[in-house]
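Colleague: next one to model:
(one chain, ligands or ions: 2)
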Amino acid sequence: MNKERILVIGACGQIGVELTLALRKKFGNDTVVASDLREENPLLKGTGPYVALDVMNKEMLHVMVIRQNITRIYLLAAILSATGEKNPNLAWSLNMQSLLNVLEIARDENVHKIFWPSSIAVFGPSSPKVQCPQQTIIEPVTVYGISKYAGEFWCNYYHQRYGVDVRSIRYPGLISYKSQPGGGTTDYAVEIFYDAKEKKNYECFLKEDTYLPMMYMPDAIRATIELMEAPAERLTVRTSYNIHGMSFSPKEVSAEIQKHIKDFRISYAPDYRQPIAESWPQSIDDSVARNDWGWKPEYDLAAMTEDMLRNIK
Ligand code: NAD
Ligand code: AKB
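Modeller: Ligands and ions are numbered 1, 2, ... in the order given. Here you go, the predicted structure:
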């Protein structure tokens, strides 16, 4: 009998909606409790239990975990890179305190597995730009990147010191069509598809030759599930795993879109997000994830573009 009881925190966000649906498919609808500050996302309605929850309220979270017999938590609530630069204190406070609340409750209760995502934003200008390795110089310059790097070490600490089985991935920029992105620097790579379909033109907030690591959402969801199902003894990284899907620039993705929408045009008006993007690597070496738990992406730029344009209504 399946005794798992899963809590997804931040279930109405870009990743949360798709991850919740995927977990419900795998473990059963009633096994996965979705929660968020926001109103329930329409795609989640009727697919399983939903509770309004502020992860910053540790007592409420603790009561919820006990009452619902939660055994696994996926913590997705966070403030992303671009929004974080507008309100650094809030970003630090939410990104750190939410993680510490979850780790402490997991240590004290019957929560035997946690997933918490980090980001390629941990890397800074001094990290290698191409094929950035798992272990390298890491000097982030955004508050988001600092919070993710500190978070990685809290995960490692709770694992080493208290045996909490917390697992993590440094997601690249994620591209999807089911739920909108929430204030990141890589959001252009989602917006461009919507504007291409709706208006046949897009004004990009990054320069045309800004290469960034990216991934299509189905690959990211699969990576998350595969990491969480991997045998603990296979995992050599308890901070956070590099994973890579593809690397492209605004110019390259617009050329790919033009193969489907001939009269699509892109223009460029770089803003405060340009220096954030320039501080990150252009591509990621994910050989450790490949060796440890068999990670392998399926989507490249062409396959993703075709799927995005087919699915955006
Ligand atoms: P998002 O902003 O789309 O979703 C976050 C969700 O958390 C939102 O629905 C929001 O309402 C909720 N939330 C915010 N504060 C909360 C609180 N106090 N209590 C409960 N819920 C709260 O973010 P996302 O893109 O889905 O990202 C999820 C995680 O993945 C984050 O940790 C993010 O840093 C990480 N990540 C995302 C990407 C990406 O490209 N989307 C890349 C790297 C890492
Ligand atoms: C962002 O741009 O902030 C996120 C990320 C790469 O973490 N998409």
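Colleague: pull the number of nearby residues for H159.
Modeller: Neighbour count for H159, taken as other C-beta atoms under 10 Å: 20. C-betas here are computed from N, CA, C, even on glycine.
Colleague: list the contacts of the closest residue to ligand 1 within the stretch 101-250 of the chain.
Modeller: The nearest approach of the stretch 101-250 of the chain to ligand 1 comes at G182, 2.3 Å away (C-beta to the nearest ligand atom). Going by C-beta atoms under 8 Å, 6 or more residues apart in numbering, G182 touches G13, Q14, L80, T83.
Colleague: are we agreed that it is in a helix?
Modeller: No: assigned with DSSP: H, G, I helix; E, B strand; the rest coil, G182 falls outside any helix and is coil.
Colleague: ok, whichever residue of the stretch 51-200 of the chain sits closest to ligand 2 to D219 distance?
Modeller: Closest residue of the stretch 51-200 of the chain to ligand 2, C-beta to the nearest ligand atom: G184 (2.5 Å). G184 is 17 Å from D219, where distance means C-beta to C-beta, to the nearest Å.
Colleague: what do you get for L90?
Modeller: 30 Å.
Colleague: neighbour count winner among those two?
Modeller: D219 (22 against 13).
Colleague: give me the pLDDT value at that one.
Modeller: Looking at D219, its pLDDT is 98.
Colleague: for it, give me its contacts.
Modeller: With C-beta under 8 Å, 6+ apart, D219 has these contacts: G245, P297, E298, Y299.
Colleague: return the distance of the nearest residue to the last one once chain neighbours are set aside relative to N242.
Modeller: Distance criterion C-beta to C-beta, 6 or more residues apart in numbering; nearest residue to Y299, sequence neighbours excluded, is Y216 at 3.9 Å. When C-beta to C-beta is applied, the distance between Y216 and N242 equals 17 Å.
Colleague: which of the two has more neighbours?
Modeller: N242 (28 against 23).
Colleague: ok, what's across the strand from the more buried one?
Modeller: N242 forms beta bridges with R170, as assigned by DSSP bridges.
Colleague: that one contacts Q135, doesn't it?
Modeller: No: applying C-beta atoms under 8 Å, one finds N242 not in contact with Q135, separated by 9.3 Å.
Colleague: would you map the strands across the stretch 101-250 of the chain?
Modeller: Taking DSSP state E, counting those that start in this stretch as the criterion, the stretch 101-250 of the chain contains strands spanning 113-115, 118-119, 166-167, 169-171, 173-175, 201-204, 212-216, 241-242, 246-248.
Colleague: make TSV out of those and add mean pLDDT.
Modeller: Formatted as TSV, those follow (pLDDT from 0 to 100):
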stretch	mean pLDDT
strand 113-115	98
strand 118-119	98
strand 166-167	98
strand 169-171	98
strand 173-175	98
strand 201-204	98
strand 212-216	98
strand 241-242	98
strand 246-248	98
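Colleague: out of those, which is closest to I146?
Modeller: strand 118-119 (11.3 Å; C-beta to C-beta).
Colleague: now that closest one, how far from the chain's geometric center?
Modeller: 7 Å (C-alpha atoms, centre = their mean, to the nearest Å).
Colleague: same thing with stretch 112-126?
Modeller: With C-alpha atoms, centre = their mean, you get 9 Å for stretch 112-126.
Colleague: end to end, how far does it reach?
Modeller: Terminal residues of stretch 112-126 lie 36 Å apart, using C-alpha to C-alpha, to the nearest Å.
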